[in-house]
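Asker: No letters, just coordinates:
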Ligand SMILES: CSC[C@H]1O[C@H](OP(=O)(O)O)[C@H](O)[C@@H]1O
């Protein structure tokens, strides 16, 4: 079942990545043995989602060590290769945090690096399960437990985006498991359709009732009173609660604020970056123009049009009702996050 699938897995001498660029129509696994192939896989979103690319980066340290053994690299060349993995995408802080954590074991050897990477993966699944319970408890208490809930989500935050279970989709899974979920509105999430291709795939596999909707439908769905809450993931959370997440998220948050619908962000503490003061300091990845000018290789915009393609936007902390982490739910108001509860 999808919640148990592993978007990232270590095979003993290579990384096995579910190729998320071909889902839902094909389920294919890519075997990655070289650093350049891992960097490419992260950049093309073969593997994607902040915690999942964090796990891939963690095992990437071992991958660089093994390739270095095969190709006779110096220590400096191995570390330079790891730096390329660490820099493969700029916004999701999990990639840097997880690579840096595993690098602390570098001089203890390959087995120690692999053990640390496996711990990163185990901890992420445990964090997601805890978030699911905390988030479901909070929603049922806040919105009321007299009927099942209608929840909106954006992008994909499920098992595919993590080491397992999911963050925001993990909360949705928990509500479903408790019989407290009526329906999910899943934003298709242009331009790469993580919602209609990946979230929908995970929901269909588990029989979770849902609608796929255009991103542009989300504010109207919220303002018309069709959802009880919105819950999304995150790629980097600044010290004041400003949250970088898939582009289109801030529109959901603004609509929720306008009508008083709770807007929750679900993310492990590895996504919180207390060294980044505000959302203005978060590097937002600008991706290729063609992703918005064509689909499946077919040009949709006229020749002569340019594409503006920020992969993320920043939701101000003042719009975040609550931050769900493995430590519990923080009611976020404008101002500093309680760092002592997040690290
Ligand atoms: C569980 S974090 C998922 C997070 O990552 C996604 O971005 P991308 O698909 O570009 O890796 C999106 O922002 C999700 O909320």
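Answerer: Noted; the coordinates are in hand. This is a predicted model, so every value here is computed, not measured.
Asker: Verify the stated contact: residue 342 with residue 325.
Answerer: Yes - contact criterion CB atoms under 8 Å: residue 342 and residue 325 qualify, at 6.7 Å. C-betas here are computed from N, CA, C, even on glycine.
Asker: More neighbours: which of those two?
Answerer: The neighbour comparison of residue 342 against residue 325 (other CB atoms under 10 Å) goes to residue 325, with 26 against 19.
Asker: shared neighbours, residue 342 and residue 325?
Answerer: 269, 272 (CB atoms under 8 Å, 6 or more residues apart in numbering).
Asker: residues from the stretch 51-200 of the chain in reach of the ligand?
Answerer: Residues of the stretch 51-200 of the chain lying close to the ligand (CB under 6 Å from any ligand atom) are 51, 155, 157, 161, 162, 167, 194.
Asker: Please read the previous query as pertaining to the stretch 201-343 of the chain.
Answerer: So the stretch 201-343 of the chain meets the ligand at 232, 233, 235, 245, 246, 311 (CB under 6 Å from any ligand atom).
Asker: what about the top helix by length along the chain, average pLDDT?
Answerer: If you go by DSSP state H, the chain has its longest helix at helix 110-143. Mean pLDDT, helix 110-143: 97.
Asker: for stretch 233-250, same thing?
Answerer: Mean per-residue pLDDT for stretch 233-250: 97.
Asker: Same check on stretch 149-156?
Answerer: Throughout stretch 149-156, pLDDT has a mean value of 98.
Asker: ditto for stretch 61-77
Answerer: 98.
Asker: Could you do stretch 294-307 as well?
Answerer: The model assigns stretch 294-307 a mean pLDDT of 96.
Asker: Pull the distance from it to the chain's centre.
Answerer: Distance of stretch 294-307 from the chain centroid (CA atoms, centre = their mean, to the nearest Å) equals 27 Å.
Asker: Buried residues of that stretch, list them for me.
Answerer: By neighbour count with 16 or more other CB atoms under 10 Å, stretch 294-307 contains no buried residues.
Asker: For residue 78, see how far away the residue at the greatest distance from the centre of the chain is.
Answerer: Distance from the C-alpha centroid of the chain peaks at residue 72, with 35.2 Å (CA atoms, centre = their mean). With distances taken as CB to CB, to the nearest Å, residue 72 is found 11 Å from residue 78.
Asker: from the residues of the stretch 201-343 of the chain next to the ligand, which single one is nearest residue 117?
Answerer: residue 235 (20.4 Å; CB to CB).
Asker: Helices of the stretch 201-343 of the chain, residue ranges please.
Answerer: With DSSP state H, counting those that start in this stretch applied, the stretch 201-343 of the chain shows helices at 218-223, 249-259, 290-293, listed in chain order.
Asker: What pLDDT does the model give residue 3?
Answerer: Per the predicted model, pLDDT is 55 at residue 3.
Asker: pLDDT weak spots in the stretch 201-343 of the chain?
Answerer: Per-residue confidence for the stretch 201-343 of the chain (pLDDT under 70) gives these ranges: 333-335.
Asker: Recalculate using a threshold of 90.
Answerer: By pLDDT under 90, the weakly predicted segments of the stretch 201-343 of the chain are 296, 331-343.
Asker: Could you list which residues are in contact with residue 307?
Answerer: By CB under 8 Å, 6+ apart, the contact list for residue 307 reads 288, 289, 290, 291, 292, 293, 301.
Asker: And for residue 46, nearest residue in space, chain neighbours not counted?
Answerer: Excluding the flanking residues, the one nearest residue 46 by CB to CB, 6 or more residues apart in numbering is residue 19, at 5.1 Å.
Asker: which residues does residue 196 contact?
Answerer: By CB under 8 Å, 6+ apart, the contact set of residue 196 is 186, 188, 189, 212.
Asker: next one: residue 118
Answerer: Taking CB under 8 Å, 6+ apart, we find residue 118 in contact with residue 10.
Asker: In the contacts of residue 196, which residue is surrounded by the most others?
Answerer: Neighbour counts for the contacts of residue 196 peak at residue 186, which has 28 neighbours (criterion: other CB under 10 Å).
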